[in-house]
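# Coordinates for the following, if possible.
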Amino acid sequence: MTPSARRWLAAAAVLAGAAGVFWLPYFFPPSLPTRSESYTLGFDNRVAVLALVLALGLLGWLRPRSGGASVFFEAKRAEPGRVPLLLCLALAVLYALIDWAANGGLPLQQYGESAYTLPRVEYFVDLGLHPYRDFEFAYGPLLLFFPALCVKALHGLVPPPAVYTGCHIVLNTAGLFLFARTLDALPLRRNLRIGAFLLMALAWSNPTLGMQYTVLRWILPFALLVWVYRRVPESASAPPDVKSLALRTAGAIFAMLLVSPEYSVVMSVAFAVLFASLALARGRAYAVPMLGWPVSVGLFAALAGPEYFQSILGFSSGGMLFPVFPTPAILVYFTALIVAVPPIIERVRREGPGAAGSLETGWTLFAVGLIPGALGRCDSGHVLMYGWPIMLAAADVLLRGSSSLARAWIGAWALAFLVAGQISLYVMYEPIMRPIWDASLREASATPYPPPFANVLDRYDRLQTPFIVDTATERYLREHGKFVPEYYRDLVDVMNEKDLRRKIGDLRPDCPVLVPSSTMQIPYELYVKKYTPDWSAYKEENRRFYRWLLMFPLSYEMKKEPFLPTNLVAAHIFKHYDFAEQAGAYLILTPKNHSSSSPASSSSPSTPVEPPR
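Numbering: from 1, shown residues only. This is a model prediction of the structure:
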């Protein structure tokens, strides 16, 4: 095939891949109701992932065979020098200041993503409940047990939100230093090593206080990959240290199970492919390290419980996905994939299974395994979280060639992630942070303890809270033995009809419920008054939100009514419960045809009462 024909076919592959990512998925709308913008807008993210992978494969097949031994991470081009310790310390201090400022100083209440994790920490510490078995937790146990143990150790000395923030700072700091050491271990030029550390660390900083968004979570898998590959001999004829490889593989998989279910799946598949390839190319001894996988999984199951592995299935349910648009972040990510992946595919074609002995092959395989994450919740933060490894590889490739092209791509990267990404993050979180920063708003939004309607709560032995209630009210219910824990404490991870059945199934038929009256207003109009839903306000609100989130002028054209678990749980309550009385901003409803401990239950009406506006 002539070079000209290859170039034309490569251009056609890129265009076909773009059509397959941005246009084709609308012809395969998801059929199962899911809490996802992709479901509502009729977009199948799996088609987009498949189209991108096929396009990359075709580009790799079209590349002419070359004699080069390395695509990126080339040892002979590496330069000595480490990421300066002072730079690590400066960025760690910056992260701590961002956490501190986001909380308005000493954090004394839940804020941002801490509102997800901190109550689950209290479930474990105060109520003795276990994650995955007794309550839902979507991440690895380290992200829960570490703050839980610190809260328990400092009980009575430091408020739990302050302890949680301290743990967040610790994990970010550990991640930054691990990132620096990982870059030091890679054969990179000094300017790329320091520049990548600085730019990516700045882009990763955010005020959300989510344990799942700490730097450690997305650095750890590739740090472990480098750690394992240090025991893979460069020479195919050199005998492997089988014991060391097996121990490191088992340790790496166990560590990822502690931190991230989805990363552990990708790591397990990547190691299986890599060691199987090495076994074919170099000998059966390379199959032995994969025995570490059942050891890690078995030990972890004994410690965390088998329910943890059921939680992994939740990541394949299609929940919380966005359609893929040609946003700045996505275009930069696609460029990185096109630059770095096809040359590795060509190398594998040329060298066969033996190519797995190279770190760059394992790095690329792992990075490609993360494409579904980047094309799932495809805002700039998640694209960077799942895409940074291939972006680092692409930067190394581009810096070998045209310096002007490399500078242009790095400039586009900075605009997409440092500028547009941080703007969208600020716009999303500024309304949440405003009451934290403004003392008058903070005082107005604070709920006194005990709540002023405590006398109403005291009329009931137990009260279920299927929706989020304020921290003072939940604390009162817990301290007075009235709180009824549920598997889904909130509706954040109720993604589909199976999750919804579990959520509704936790509602005890003999126990009243305490629900915010504001939450019940729209469901009352839809399911009791039988009003025809008007989605115009919903569409406009989501259109504005996602334009800022994705930094892209999208339209929000609904193909199906959204799957809204809040409305569906509220509809179940209206059907099976009667209004009893009001408690501040809350309604108390008692089960129909069932005696209640409340004196108000004897006079409760047989039809629902309209929630106060």
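
# where in the stretch 401-550 of the chain is pLDDT low?
Along the stretch 401-550 of the chain, the model assigns pLDDT under 70 to residues 432-447.

# need the helices for it, in chain order.
In the stretch 401-550 of the chain, the helices defined using DSSP state H, counting those that start in this stretch lie at 403-413, 421-437, 439-445, 454-457, 471-479, 497-505, 517-523, 536-550.

# got the buried residues for the shortest one?
Residues of helix 454-457 classed as buried under the neighbour-count rule (16 or more other CB atoms under 10 Å) are Ala454, Val456, Leu457. C-betas here are computed from N, CA, C, even on glycine.

# returning to that earlier point: go through the helices of the stretch 401-550 of the chain and name the closest to Gly156.
helix 471-479 (14.6 Å; CB to CB).

# Can you dump the C-alpha atoms of the closest one in PDB for me?
Extracted C-alpha coordinates of helix 471-479, given in PDB (Å, rounded to 0.1, in the frame of the first residue of the first chain):
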ATOM      1  CA  THR A 471     -27.700  16.600  59.800                       C
ATOM      2  CA  ALA A 472     -29.300  17.900  63.100                       C
ATOM      3  CA  THR A 473     -32.500  15.900  62.500                       C
ATOM      4  CA  GLU A 474     -30.700  12.700  61.600                       C
ATOM      5  CA  ARG A 475     -28.400  13.200  64.600                       C
ATOM      6  CA  TYR A 476     -31.500  13.600  66.900                       C
ATOM      7  CA  LEU A 477     -33.100  10.400  65.500                       C
ATOM      8  CA  ARG A 478     -29.800   8.500  66.000                       C
ATOM      9  CA  GLU A 479     -29.200   9.600  69.500                       C
END
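
# Pull out the buried residues from it.
Thr471, Ala472, Thr473, Glu474, Arg475, Tyr476, Leu477.

# mind listing the helices for the stretch 201-350 of the chain?
According to DSSP H, counting those that start in this stretch, the helices that the stretch 201-350 of the chain contains are 215-229, 242-259, 261-282, 292-304, 307-312, 328-351.

# so can I have CSV of the ones you listed showing mean neighbour count and mean pLDDT?
As requested, these are arranged in CSV below (neighbours: other CB atoms under 10 Å; pLDDT from 0 to 100):
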stretch, mean neighbour count, mean pLDDT
helix 215-229, 22, 95
helix 242-259, 20, 93
helix 261-282, 20, 91
helix 292-304, 16, 85
helix 307-312, 16, 74
helix 328-351, 21, 94
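
# can I get those in JSON lines with distance to Ala416?
Formatted as JSON lines, the helices of the stretch 201-350 of the chain follow (distance: least, CB to CB, whole Å):
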{"stretch": "helix 215-229", "distance to Ala416": "17"}
{"stretch": "helix 242-259", "distance to Ala416": "26"}
{"stretch": "helix 261-282", "distance to Ala416": "23"}
{"stretch": "helix 292-304", "distance to Ala416": "36"}
{"stretch": "helix 307-312", "distance to Ala416": "30"}
{"stretch": "helix 328-351", "distance to Ala416": "4"}
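
# Tell me which of these sits nearest to Leu415.
helix 328-351 (6.4 Å).

# The chain: strands as residue ranges?
463-464, 483-484, 513-516, 577-583, 586-591 (DSSP state E).

# so which of those gets nearest Lys530?
strand 577-583 (17.9 Å).

# What residues sit buried inside that closest one?
Those would be Tyr577, Asp578, Phe579, Ala580, Glu581, Ala583, for strand 577-583 by 16+ other CB under 10 Å.

# what's the distance between the second one and Leu418?
The gap separating Asp578 from Leu418 is 55 Å, by CB to CB, to the nearest Å.

# what's the answer for the fifth one, then?
The spacing between Glu581 and Leu418, counted by CB to CB, is 53 Å.

# Could you do the third one as well?
Between Phe579 and Leu418 the computed distance is 52 Å (CB to CB).

# Same question for the last one.
Between Ala583 and Leu418 the distance is 47 Å, computed by CB to CB.

# Now do Ala420: how many residues are near it, please.
The number of residues packed near Ala420 is 19, by other CB atoms under 10 Å.

# Pull the contacting residues for the closest residue to Lys503 other than its chain neighbours.
Spatially, and ignoring its direct neighbours in sequence, Lys503 is nearest to Tyr488 (4.7 Å; CB to CB, 6 or more residues apart in numbering). Contacts for Tyr488 (CB atoms under 8 Å, 6 or more residues apart in numbering) come out as Phe135, Glu136, Val494, Asp499, Arg502, Lys503, Asp506.

# how about these in TSV, adding neighbour count?
Output for the contacts of Tyr488, formatted as TSV (neighbours: other CB atoms under 10 Å):
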residue	neighbour count
Phe135	19
Glu136	21
Val494	25
Asp499	21
Arg502	14
Lys503	22
Asp506	14
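
# Dump the residues you listed into CSV; add distance to Gly387 as well.
As requested, the contacts of Tyr488 are exported to CSV (distance: CB to CB, whole Å):
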residue, distance to Gly387
Phe135, 32
Glu136, 28
Val494, 28
Asp499, 28
Arg502, 33
Lys503, 33
Asp506, 37
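
# What is the nearest of those residues to Tyr386?
Nearest member of the contacts of Tyr488 to Tyr386, counting by CB to CB, is Glu136, at 22.6 Å.

# Other residues contacting stretch 339-354?
Residues from elsewhere that reach stretch 339-354 (CB under 8 Å, 6+ apart): 56-57, 59-66, 68, 71-72, 236, 276-278, 280-282, 355, 358, 360-361, 364, 367-368, 390, 393-394, 397-398.

# neighbours around Val427, how many?
Val427 - counted by other CB under 10 Å - has 15 other residues nearby.

# Can you give the distance of stretch 452-463 from its chain's centre?
Centroid displacement of stretch 452-463 relative to its chain, using CA atoms, centre = their mean, to the nearest Å, is 37 Å.
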